[in-house]
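Asks: Structure, please.
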Amino acid sequence: MVRDMKLKILLLPLLAATAWSPLLAQSTTPSASPEAEGHHHWRHHGEWFLKKLNLSDQQRDQIKKFRSDNKPAFKTAMLNLLTARKSLQDAIYKNPNDEATISSLSASVNSARTQLTIQKANFYAMLVSVLTPEQKQTLEQMHQKRQDWLQKRIDHLNES
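Replies: This next block holds a predicted model:
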């Protein structure tokens, strides 16, 4: 049980970072292909997120342009994170007692995660700049709901 909780705690930051990845995808409209529907869970999550904001066509166009302009940077950040995580997992598997290597590779993962987080922050700054006051209020409510969920998780772990 404790091991499962630790695993969830370790995976939470990655999931949080990748949750924003669909927001940098090329299209703001859901794919019509059945293959895409089953494969791109995160993209659909992003579509739900954007749909909840009830964006105008002009706002969607601005988001689409931002996605297009920033797709290479996001892709690079995501590839760096995945590559760093793969190297770390491989080092842990091959030599779990080599703390120096594991520490160094862990720092690389954190650096890559930071770059991905910067991409997320850039998107958020652009998003807020195009929202109406009502949409900003909806975004704040979604943020508060997420914060409440995180606090519940923190409280639960503190009780254990």
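Asks: can you give me the helices for the protein?
Replies: Taking DSSP state H to define them, one finds helices in the chain at 2-19, 34-39, 41-52, 57-94, 99-130, 133-159.
Asks: can you state the direction angle for the fifth one and helix 133-159?
Replies: With axes from the mean of the first three to the mean of the last three Cα atoms, to 10 degrees applied, the angle from helix 99-130 to helix 133-159 works out at 150 degrees.
Asks: and helix 99-130 with helix 57-94, angle?
Replies: Using the same axes, to 10 degrees, one finds that helix 99-130 and helix 57-94 are set 170 degrees apart in direction.
Asks: Quick check: buried residues in helix 99-130?
Replies: 105-106, 108-109, 112-113, 115-117, 119-120, 123, 126-127, 130 (16 or more other Cβ atoms under 10 Å). For every residue, glycine as well, the C-beta is placed using N, CA and C.
Asks: returning to what we had before: mind putting the helices of the chain in JSON lines, mean pLDDT included?
Replies: Listed next are those as JSON lines, based on pLDDT from 0 to 100:
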{"stretch": "helix 2-19", "mean pLDDT": "44"}
{"stretch": "helix 34-39", "mean pLDDT": "38"}
{"stretch": "helix 41-52", "mean pLDDT": "64"}
{"stretch": "helix 57-94", "mean pLDDT": "96"}
{"stretch": "helix 99-130", "mean pLDDT": "96"}
{"stretch": "helix 133-159", "mean pLDDT": "96"}
